[in-house]
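Please find the sequence and the predicted model below.
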Amino acid sequence: MTAASTPTRLDLQKDRQLSIEWQDGRHSVYPVGYLRAMCPCAKCKQERAEAAAAPKRLTLKVLPGNHDGPLAAAAAELVGGYALRIDWTDGHGSGIYSFDYLRSIDPGPADPPAGTRR
């Protein structure tokens, strides 16, 4: 792993967000709804690809799962020192969020080009 994809601190607020401090100094904040929507499991990836390939029209996408209450992370565990697996309150839990993947989907502003100041 590189400094950009090595976390130094993870803070999961189950009903709000995942915050990550990266070794290179960047701070990323991922709302739980965003993380769930960006689940990296094969089924969720396929659903996103199909939605992207479909003709553009106004649609409402409902994620599969149990929707009895608000979405939150029910539990989370580190996987092999390279990823985080999250169990969701909607019953889904097969996505393994590698730290490389989490860095690539960071919803914050893009890093400035090398050699420039913020």
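Structure received. This is a predicted model, so every value here is computed, not measured.

so Glu50 sits in a strand?
No. Glu50: not assigned to a strand; according to DSSP: H, G, I helix; E, B strand; the rest coil it is helix.

quick one: it from Lys43, how far?
Glu50 is 11 Å from Lys43, where distance means C-beta to C-beta, to the nearest Å. (Each C-beta comes from the backbone N, C-alpha and C, glycine too.)

repeat for Gly108
27 Å.

For the chain, which segments are assigned as helices?
Assigned by DSSP state H, the chain shows helices spanning 32-37, 42-53, 99-104.

any weak-confidence spans in this protein?
60-68, 111-118 (pLDDT under 70).

The residue minimising distance to the centre of it: what's it in contact with?
The residue lying closest to the centre of the chain (C-alpha atoms, centre = their mean) is Leu35, at 3.3 Å. Applying C-beta atoms under 8 Å, 6 or more residues apart in numbering, we find Leu35 in contact with Leu18, Ala73, Ile86, Tyr97.

leaving aside the residues next to it on the chain, what's closest to the first one?
The one in question is Leu18. Closest residue to Leu18 apart from its sequence neighbours, by C-beta to C-beta, 6 or more residues apart in numbering: Tyr30 at 4.5 Å.

residues contacting the one you found?
Contacts here follow C-beta under 8 Å, 6+ apart; on that basis Tyr30 touches Gln17, Leu18, Ser19, Ile20, Leu102, Ile105, Asp106, Pro107.
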